[in-house]
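Student: 3D model of this:
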Amino acid sequence: QFTNPDLCDITENLVFTDPFFDHETNDFEEELRDEAEDLWRNEALKIEAAKLKQRFLSAEETLIHGDLHTGSIFAGEEGETKVIDPEFAFFGPIGFDIGQFIANLLLNALSREENRRAPLYRHVQTVWNTFSRTFSEAWENDALEACKNEKGRLESVLIQTFEDAAGFAGCEMIRRTIGLAHVADLDTIVPFSRRISQKKLALKIGAAFIEKRSGFRTPKDMIEAFRNALKE
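Tutor: Below is the predicted model:
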């Protein structure tokens, strides 16, 4: 019921494959050519992206939205939230939606000055903390796995989920910068010189999230890596 091969094929290509090669679907400013070619030559990065693609293809863990960016979410003033455009939904890895959402928050942060980024950092922490708490409660109440009460089992699931989320976030940042579908957050930055500099940072941060994802355990780790990249 929840297989979605045609739209999953789009994600497989546009998120996990095309941006990591000199593919005709890629779309970026010529000023990013050197950075894009460096990325395409990075064999270690491409292997890690391929591992994440394999997770996307094979980890049938939960029903996910499949394209969860900030433009798909309505947030009401009374705390009500609604998500739209579920056509990419399928049974996939738990961390995929989380990673895509975090990536889009951080892409928006790149469009802001440092003194206006704090709310985005808080959102990154809130989305993971809320998920982790809700998932843990559901695990305790509803999980059918025989080992669910063994020490460390729930923690191992959450560690894998966050590692995946960090890697998927990296893929999303790269593909929204040089791939087919961009985000207005970056494309509307002015002046043009700053737009290019921030897009270069998006590529750098995205690659770091992919390659170093196994070392991330909390949202603070990702935010620290993000902020450190801005200082370099």
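
Student: what's the spacing between the most centrally placed residue in the chain and residue 211?
Tutor: The structure's the chain has its C-alpha centroid closest to residue 169; by Cα atoms, centre = their mean the separation is 1.9 Å. Separation of residue 169 from residue 211 (Cβ to Cβ, to the nearest Å) stands at 12 Å. In short, each C-beta sits where N, CA and C put it, glycine included.

Student: quick revisit: surely the residue nearest to the centre of the chain is within a strand?
Tutor: No: using DSSP: H, G, I helix; E, B strand; the rest coil, the assignment for residue 169 is helix, not a strand.

Student: Look up the pLDDT of it for me, please.
Tutor: Looking at residue 169, its pLDDT stands at 98.

Student: before we move on, what about the one 4 residues further on?
Tutor: Per-residue confidence at residue 173 stands at 98 (pLDDT).

Student: Which residues are in contact with it?
Tutor: Residues near residue 173 by Cβ atoms under 8 Å, 6 or more residues apart in numbering: 103, 106, 107, 202, 203, 205, 206, 209.

Student: Low-confidence bits of the chain, can you list those?
Tutor: Scanning the chain for pLDDT under 70 picks out no residues.

Student: swap the cut-off to 90 and go again
Tutor: 1-2, 78-79, 231-232 (pLDDT under 90).

Student: Tell me the buried residues in stretch 138-157?
Tutor: By neighbour count with 16 or more other Cβ atoms under 10 Å, stretch 138-157 contains the buried residues 139, 154, 157.

Student: among the residues you listed, which are in helices?
Tutor: Counted as lying in helices by DSSP state H, out of the buried residues of stretch 138-157, are 139, 154, 157.

Student: all helices of this structure, in order?
Tutor: Going by DSSP H, the chain shows helices at 5-14, 33-41, 43-58, 95-110, 118-142, 153-178, 184-187, 192-211, 219-231.

Student: In the chain, which residue sits furthest out from the middle?
Tutor: Residue of the chain lying farthest from the centroid, by Cα atoms, centre = their mean: residue 146 (31.1 Å).

Student: Quick check: it vs residue 155, distance?
Tutor: Residue 146 is 17 Å from residue 155, by Cβ to Cβ.

Student: Same check on residue 137?
Tutor: Residue 137 is 15 Å from residue 155, by Cβ to Cβ.

Student: ditto for residue 109
Tutor: In terms of Cβ to Cβ, residue 109 sits 29 Å off from residue 155.

Student: Contacts for stretch 112-124, please.
Tutor: 102, 105, 106, 108, 109, 219, 222, 223, 230.

Student: Pipe the residues you listed into a markdown table and attach neighbour count and distance to residue 85 per row.
Tutor: Putting those into a markdown table (neighbours: other Cβ atoms under 10 Å; distance: Cβ to Cβ, whole Å) gives the following:
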| residue | neighbour count | distance to residue 85 |
| --- | --- | --- |
| 102 | 29 | 18 |
| 105 | 22 | 18 |
| 106 | 25 | 21 |
| 108 | 19 | 18 |
| 109 | 24 | 23 |
| 219 | 22 | 25 |
| 222 | 29 | 25 |
| 223 | 19 | 27 |
| 230 | 14 | 31 |
